[in-house]
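Q: okay, here's the prediction I keep looking at, along with the sequence it came from:
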Amino acid sequence: MDKNFIERMKQSLFELKSEIIDNLVASNEDFKEIVEGMEPKDLADIASDDIDRKMIEALGSQELKRLKLIDSALTRIEQDKYGLCIKCGTVIPQERLEAIPYALMCIECKTAEERRNR
């Protein structure tokens, strides 16, 4: 996969991660106090730290799921496995990754999984 595309997706993933953290800080006073009490660092790194149980409780289940998917995608980038379907191993189309940068599966495998889960 094109290095420039992967770098753009990596930046996009970090921005999504920061957005989740920023939303959490804005909506949760306890989390805000935890963040303010920490040494200054990039907000994208804060989600990776095991700061406090309050942070996990404050995240809605959807945001927690998205955060895990984003971290997984960033890990796959580091392992040179980004953009490959975790089910069948085929290349996930760039259009899909641009729409959902943390996509784990190609459209065919995702559709099949959703059918099974109905």
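A: Okay, I see it.
Q: from the contact counts, what lies against the helix ranked longest in the chain?
A: Looking across the chain with DSSP state H, the single longest helix is helix 3-27. Applying 3 or more CB pairs under 8 Å, 6 or more residues apart in numbering; DSSP states H and E, one finds that helix 3-27 contacts helix 29-36, helix 43-46, helix 53-58, helix 61-78, helix 94-99. In short, each C-beta sits where N, CA and C put it, glycine included.
Q: what angle separates that helix from helix 61-78?
A: Angle, helix 3-27 to helix 61-78, by axes from the mean of the first three to the mean of the last three CA atoms, to 10 degrees: 150 degrees.
Q: for helix 3-27, buried residues please.
A: By neighbour count on 16 or more other CB atoms under 10 Å, the buried set for helix 3-27 is 6, 9-10, 12-14, 16-18, 20-21, 24-25.
Q: now do that helix: distance to the chain's middle.
A: 8 Å (CA atoms, centre = their mean, to the nearest Å).
Q: which residues of this protein score low on pLDDT?
A: Confidence mapping of the chain against pLDDT under 70 gives the ranges 27-60.
Q: need the contact list for the most centrally placed residue in it.
A: Per CA atoms, centre = their mean, the C-alpha nearest to the average position across the chain is that of residue 70, at 1.3 Å. By CB atoms under 8 Å, 6 or more residues apart in numbering, the residues touching residue 70 are 13, 16, 17, 20, 101, 102.
Q: how close does it sit to residue 82?
A: 12 Å (CB to CB, to the nearest Å).
Q: shared neighbours, those two?
A: Contacts common to residue 70 and residue 82, judged by CB under 8 Å, 6+ apart, are absent.
Q: other residues contacting stretch 73-81?
A: 6, 9, 10, 13, 14, 17, 82, 83, 84, 101, 102, 103.
Q: so how far is that stretch off the chain centroid?
A: That offset, for stretch 73-81, works out to 12 Å (CA atoms, centre = their mean).
Q: export only the CA atoms of it, formatted as PDB.
A: The C-alpha coordinates for stretch 73-81 follow below in PDB (Å, rounded to 0.1, in the frame of the first residue of the first chain):
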ATOM      1  CA  ALA A  73      -5.300   0.300  13.400                       C
ATOM      2  CA  LEU A  74      -2.300   2.200  14.600                       C
ATOM      3  CA  THR A  75      -0.700  -1.100  15.800                       C
ATOM      4  CA  ARG A  76      -1.400  -2.600  12.400                       C
ATOM      5  CA  ILE A  77       0.300   0.400  10.700                       C
ATOM      6  CA  GLU A  78       3.400  -0.300  12.900                       C
ATOM      7  CA  GLN A  79       3.300  -4.000  11.900                       C
ATOM      8  CA  ASP A  80       2.900  -3.200   8.200                       C
ATOM      9  CA  LYS A  81      -0.500  -5.000   8.200                       C
END
